[in-house]
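Colleague: Using only what follows, build the 3D model:
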Amino acid sequence: MAKVMGRVRSRLGVHAAQPSRVRVRHSRAGASPLDRARPTPTSMSTVSLSDSAGAIDADAAETGAASRLKSGADACAYVLAHQRDYYKVLDVSRNASTEDIKKAYRKLARVLHPDKCQDARATDAMAVVTSAHSTLANAALRAAYDLYASRVNVEDASSASFGEWQSREGAAAVHLPAWLIKAMSTPVLGQLISILALLLALALILLTLALAACYLFIHMCFWLLCCFGCCGSCWPRYGIGARVHAKRQERFTQMLKAYEKATMDAAADGADPPHPTVFFAQWNVDNEEPDWLEVIRREDELAKEKSAAGSYGATG
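Modeller: Residues are numbered from 1 along each chain as shown. Reported below is the predicted structural model:
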């Protein structure tokens, strides 16, 4: 029995050792097509190293932005140093979406809120972050801020703030179309639009002056023609023309009184009132308009004769 058990153990030991034999891999030259297609450990390590390098760079970028958020004092110093540049304050690009701006604001608010940050500058820094968020989250205000950033050095903390600029010259920019504000904030297009606006303003001024000059020229030409032609009788504001105009007004008043009398007489007789157009036409036929210049000359001659007679009587 012991001999049988020894034989069994010996056989089991031999078979257990067989799987531990090292299998020699064929060389690449004599390997099968499947072995050639199988990636080598060296190539696998190279790919994994390149992927990990890209991941490390991305993590480093995020770590650089997050390192400022870990310390409230550093975040306060960074925000106050770039308080004119709202994009740097929120640490976003100029093409950032509204959602990215809101995320950046929430991250900074968790660090800079006065209840969580013990730095004395936390209140001022939080005010700057809030202003940056409210400006960049609004499309119209963001376009106006881009125009402000193109005209003011936002890197200089002592330069005029966005609110000061908006109260002085940027208030009208909010009411402009977004595409026009964006074009004005572009360096080349902004200068071109400013030049075109200046030329348009000059053209309007010149057009106004030209119209005024034309009016004065035509006015004086008519005045001179009337002076040489009818002695100004057709101009009711100058010289003898004012007297002619007064005579015509008296005649028109007489015609209206005659029409009122005819209307009252027709009402008393129970007849229909006369038609105004027919009555006025008939009245002008019955009462022909005289030559007012001749009438005025006669009145002047009579006035001279009376004045001469009065002076002669006083002398006698």
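Colleague: Touching, I296 and H245? I think so.
Modeller: No. Using Cβ atoms under 8 Å, I296 makes no contact with H245, being 11.3 Å away. From N, CA and C alone the C-beta is placed, and that goes for glycine too.
Colleague: Buried residues of stretch 101-113, list them for me.
Modeller: Buried residues in stretch 101-113, defined by neighbour count with 16 or more other Cβ atoms under 10 Å: 101, 104-105, 107-108, 111-112.
Colleague: tell me the mean pLDDT over it?
Modeller: For stretch 101-113, mean pLDDT is 90.
Colleague: quick check, nearest of the buried residues of stretch 101-113 to K306?
Modeller: Sorting the buried residues of stretch 101-113 by distance to K306 puts I101 at the head of the list, at 94.5 Å, by Cβ to Cβ.
Colleague: Could you list the buried residues of stretch 124-131?
Modeller: Those would be 125-126, 128-129, 131, for stretch 124-131 by 16+ other Cβ under 10 Å.
Colleague: Kindly reformat those residues as JSON lines containing secondary structure, pLDDT and distance to A213.
Modeller: Output for those, formatted as JSON lines (DSSP: H, G, I helix; E, B strand; the rest coil; pLDDT from 0 to 100; distance: Cβ to Cβ, whole Å):
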{"residue": "A125", "secondary structure": "helix", "pLDDT": "89", "distance to A213": "61"}
{"residue": "M126", "secondary structure": "helix", "pLDDT": "91", "distance to A213": "61"}
{"residue": "V128", "secondary structure": "helix", "pLDDT": "91", "distance to A213": "55"}
{"residue": "V129", "secondary structure": "helix", "pLDDT": "92", "distance to A213": "58"}
{"residue": "S131", "secondary structure": "helix", "pLDDT": "91", "distance to A213": "51"}
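Colleague: elements contacting the helix or strand containing G241?
Modeller: Per DSSP states H and E: G241 is located in helix 239-269. If you count contacts as 3 or more Cβ pairs under 8 Å, 6 or more residues apart in numbering; DSSP states H and E, helix 239-269 packs onto helix 276-286, helix 292-315.
Colleague: Y259: which of the ones you listed is closest?
Modeller: Across the helices and strands packed on helix 239-269, closest to Y259 is helix 276-286 (Cβ to Cβ), at 5.4 Å.
Colleague: Not counting that closest one itself, show me its contacts.
Modeller: Contact partners of helix 276-286, identified using Cβ atoms under 8 Å, 6 or more residues apart in numbering, comprise 255, 258-259, 262.
Colleague: any idea of the mean pLDDT for the helix or strand where C214 lies?
Modeller: Using DSSP H and E, C214 sits in helix 187-229. Mean pLDDT, computed over helix 187-229, is 79.
Colleague: by how many degrees do it and helix 239-269 diverge?
Modeller: Calculated by axes from the mean of the first three to the mean of the last three Cα atoms, to 10 degrees, helix 187-229 forms an angle of 80 degrees with helix 239-269.
Colleague: by contact count, what packs against helix 187-229?
Modeller: helix 139-151, helix 178-185.
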